[in-house]
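> Next input, structure requested:
(one chain, ligands or ions: 1)
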Amino acid sequence: MAWALITGASEGLGREFARLAAEDRHDLILTARRVDLLEVVAAEMRAEHGVAVEVIPADLAQQGEAARLWQVASAGREIKVLVNNAGLGSAGAFADPEDWAREYASVMVNVVSLTVLMKEAVTAMAAGSGGRVLNVASTAAFMPGPGMAVYHATKSYVLSLSEAVAHELRGSGVTVTALCPGATRTGFFRAADVEGGTMLQRLPMPPAEVVALKGWAAMKEGRRVAVTGVQNKLFAFLPRIAPKALVLRIAAQFLRRR
Ligand SMILES: NC(=O)c1ccc[n+]([C@@H]2O[C@H](COP(=O)([O-])OP(=O)(O)OC[C@H]3O[C@@H](n4cnc5c(N)ncnc54)[C@H](OP(=O)(O)O)[C@@H]3O)[C@@H](O)[C@H]2O)c1
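Here you go, the predicted structure:
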């Protein structure tokens, strides 16, 4: 059976991607740091969908972990789907030294490890029988984010990389899709230490299963970019036509901690 490798599968969107992949009869390789949560998801998928599931714990903020993960995951298996979902943000001023460890981890997980896994995956898929990559970006990709500057920059990178590689690979049997959700009901804001904290979180948030389903469908259609929801389509479009100073002021307002 075709294997799907899903990062950040211990909760939130990643857990939903695991469910969707299992429903589509993929065997699963699930990764994140919290093994106990991964094992719960794995047991559920085995019981409900009868698929094979392998749990490979990895801390993708650590140098070399993404390469090790790919090596272990791909040994003797053809990975047909990679969902680069693991990600984190940090809230606060860039000049605040307290945030550095988390900002550094954001760059490692959202940018470096995502790139390593994507490089390995598309190389193997292009040399084999094709495959699909789903990179989870964000509407943060479409504008700079004062108050979450590093996070927004990492997601701009994910979108840019995904679009360029999707174009390079057209007609090859390998597709790359960037999913750009807006604020979604997951553990993300708790993890980013902004629970209850910003205007952004006062907007209505769709549940993870709705957002994941849209992303999974876009990946199966081989779409280059998927922005979920009307409100998010506006967030993606307006920064293209509005003056940058205004975009920065509005983004800063939305991201300001209360
Ligand atoms: N929720 C939102 O509002 C929103 C909006 C737009 C985009 N996104 C993006 O959606 C993706 C999924 O986030 P989510 O909303 O589902 O958040 P979440 O509930 O906080 O889940 C994040 C996942 O990433 C994993 N992760 C974090 N740090 C990691 C590390 N160092 N090594 C390995 N795995 C790590 C976590 O697993 P462990 O903690 O077990 O390692 C967890 O499974 C992220 O890329 C996020 O940027 C989220």
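> pLDDT at Q231, what is it?
You'll see Q231 listed with a pLDDT of 89.
> do the same with the one 10 residues further on
At I241, the model reports a pLDDT of 94.
> Dihedrals phi and psi, it?
phi -110, psi -20 (degrees, to the nearest 10).
> Quick check: L234 vs I241, distance?
11 Å (C-beta to C-beta, to the nearest Å). Glycine gets a C-beta too; all of them are placed from N, C-alpha and C.
> residues in the stretch 151-258 of the chain within reach of the ligand, list them.
Contact residues, the stretch 151-258 of the chain versus the ligand (C-beta under 6 Å from any ligand atom): P181, A183, T184, T186, G187, F188, A191.
> Not counting sequence-adjacent ones, nearest residue to the third one?
This means T184. Closest residue to T184 in three dimensions, ignoring its sequence neighbours and counting by C-beta to C-beta, 6 or more residues apart in numbering: V211, at 4.9 Å.
> can you tell me which residues contact that neighbour?
Contacts for V211 (C-beta atoms under 8 Å, 6 or more residues apart in numbering) come out as L13, E16, L179, P181, T184, T228.
> And A42, by the same measure?
The contact partners of A42, taken as C-beta under 8 Å, 6+ apart, are L28, L30, V53, V55.
> Name the SS class of it, please.
Under the three-state scheme (DSSP: H, G, I helix; E, B strand; the rest coil), A42 adopts helix.
> before we move on, back to that, top of the residues of the stretch 151-258 of the chain next to the ligand by neighbour count?
Ranked by neighbour count (other C-beta atoms under 10 Å), those have P181 at the top, with 26 neighbours.
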